[in-house]
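Engineer: For reference, the sequence and a predicted model appear below.
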Amino acid sequence: MFRRHKPEFTDGIIDLVPIRVSPPDPDLEFGNERVWRITLHRSRREIGQISYRDGESRCMYYFGHIGYHINPPWRGNHFARRACSLLRQTVFLSGKTSVVITCDPDNTPSRITCEHLGCIPEGIVEVPEDLQQKYDLNHTKCRYIWQVVSEQE
């Protein structure tokens, strides 16, 4: 796949470079999924990825609307929080005023990211066994609600 380095979003510290837009998957019912590479500002080196899914479904309940991953050498620098913040307007413009971010209960860095974003912890939920097996999910997920408002507000 040809990868350009033309950031769609930047905060001067990191850039989000679009990778793909996936059409709705009938199994997962994620809706449209957009994925970006996270790079250091003006660098081509990928330090992680972030995705935004605009659907609503049983699977979305456990996967969440936003998913992110920061590669090990770059963790601890709040890059996931920065990346989420860069997507705030995209989420708002998609018609949502809140989105769900989920993580495994033992993923302390992701839980801290959610706290720093100002997410509201909804609780820890049991993942149905069929979804655990089909998608290799942990048996529980922490659900956080991120209230998203326009940057102009």
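Structural biologist: On my side now, so go ahead.
Engineer: tell me which helix or strand of the chain sits lowest on mean pLDDT?
Structural biologist: Least confident helix or strand, the chain: strand 14-22 with a mean of 91, by mean pLDDT, DSSP states H and E.
Engineer: right, and the helix or strand after that one?
Structural biologist: Next in sequence after strand 14-22, counting helices and strands by DSSP states H and E, comes strand 33-40.
Engineer: okay, that following strand in CSV with CA atoms only?
Structural biologist: Coordinates of each C-alpha in strand 33-40 appear next as CSV, following Å, rounded to 0.1, in the frame of the first residue of the first chain:
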residue,chain,number,x,y,z
GLU,A,33,-14.2,3.1,10.1
ARG,A,34,-11.4,5.6,9.5
VAL,A,35,-7.8,4.8,10.5
TRP,A,36,-4.9,7.1,10.9
ARG,A,37,-1.1,6.6,11.5
ILE,A,38,0.2,8.6,14.4
THR,A,39,3.6,10.1,13.7
LEU,A,40,5.7,12.7,15.4
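Engineer: Kindly calculate the angle that it makes with strand 14-22.
Structural biologist: 160 degrees (axes from the mean of the first three to the mean of the last three Cα atoms, to 10 degrees).
Engineer: which helices and strands sit right next to the lengthiest helix in the chain?
Structural biologist: Determined from DSSP state H, the single longest helix within the chain is helix 79-93. Helix 79-93 is packed against strand 9-10, strand 14-22, strand 33-40, strand 46-53, strand 66-70, helix 108-117, with contacts defined by 3 or more Cβ pairs under 8 Å, 6 or more residues apart in numbering; DSSP states H and E. Using the backbone N, CA and C atoms, a C-beta is placed for each residue, glycine as well.
Engineer: buried residues in the helix or strand following it?
Structural biologist: Going down the chain from helix 79-93, the next helix or strand is strand 98-103, by DSSP H and E. Under the neighbour-count criterion of 16 or more other Cβ atoms under 10 Å, strand 98-103 has 99-103 buried.
Engineer: With stretch 66-80 instead?
Structural biologist: 66-68, 70, 74, 78-80.
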